[in-house]
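>>> what's the 3D shape of this:
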Amino acid sequence: MIKEAVEKAIINQIKNEEHSSRLYLSMASWCQVKGYPGAAAFLFKQTDEERMHQLKFVHYLNDRDGYSQLLALDNPTAEYSSLLDVFEKVMIHEEFITASINDLYEVALNNKDYTTGNFLQWYINEQIEEERTMHGILDKMKLAGNEAGGLFHIDKELSALAAAKVVATLVTE
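Numbering: from 1, shown residues only. Okay, the predicted model is just below:
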């Protein structure tokens, strides 16, 4: 049986993961209509990945005799000033998710729920990868500047990253 404090913290993380999925969907839609098909494809993949993270938490909590409930969500931002603005906001959001997972880990350890602590190790490692990827994307965007040619190449690279995520998903399933 999972402790109430841990259950509440996981339910909050489910909300955060669901919000992530919706936020990236909003960003993907913006990219698609602004002529960045590679960035859109990458963010659509991120949307799917965040949904999978949410479902892992739902199943974990239910399997531990908890009850995963869905909380109300705020509407995600729908307007961005540039592709760089989109990915700067992605970075800020990934840092928020890292902090929220670390907070959840602390709740688990404070409640001596080592099983949940162990479960969260995957998410902790995932966040290291996510932040590293976003830092790399932002570094390249800043090098490219706001030049059309540079943005074209960044968009092509994001398309390749989206394709690589598809292959990685197929391999791990």
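
>>> For the lowest-mean-pLDDT helix or strand in the chain, buried residues please.
Within the chain, no helix or strand scores below helix 148-172, which has a mean of 78 by mean pLDDT, DSSP states H and E. Judged by neighbour count using 16 or more other Cβ atoms under 10 Å, the buried positions of helix 148-172 are 151, 154-155, 157-159, 161-162, 165. Yep, even glycine has a C-beta here, placed from its N, CA and C like the rest.

>>> for stretch 68-77, same thing?
For stretch 68-77, by 16+ other Cβ under 10 Å, it's 68, 76.

>>> Can I get that stretch as PDB, trimmed to CA atoms?
Below are the C-alpha coordinates for stretch 68-77, written out as PDB (Å, rounded to 0.1, in the frame of the first residue of the first chain):
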ATOM      1  CA  SER A  68      -4.300   7.800 -10.100                       C
ATOM      2  CA  GLN A  69      -6.700  10.700 -10.600                       C
ATOM      3  CA  LEU A  70      -6.500  13.400 -13.200                       C
ATOM      4  CA  LEU A  71      -6.300  17.000 -12.000                       C
ATOM      5  CA  ALA A  72      -7.400  20.100 -13.900                       C
ATOM      6  CA  LEU A  73      -4.800  21.600 -16.300                       C
ATOM      7  CA  ASP A  74      -4.200  25.200 -17.400                       C
ATOM      8  CA  ASN A  75      -4.200  25.900 -21.100                       C
ATOM      9  CA  PRO A  76      -0.700  25.800 -22.600                       C
ATOM     10  CA  THR A  77       0.800  28.900 -24.200                       C
END
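
>>> State the mean pLDDT of that stretch.
In this model, stretch 68-77 has an average pLDDT of 94.

>>> Pull the distance from that stretch to the chain's centre.
Here the centre of stretch 68-77 is set off from its chain's centre by 15 Å, with Cα atoms, centre = their mean, to the nearest Å.

>>> what does the least confident helix or strand of the chain rub up against?
36-39, 41-42, 44-45, 48-49, 83, 133, 137, 140-141, 143-144 (Cβ atoms under 8 Å, 6 or more residues apart in numbering).

>>> And the helices in the protein?
Ranges of helices in the chain, per DSSP state H, are 4-33, 37-63, 83-110, 114-144, 148-172.
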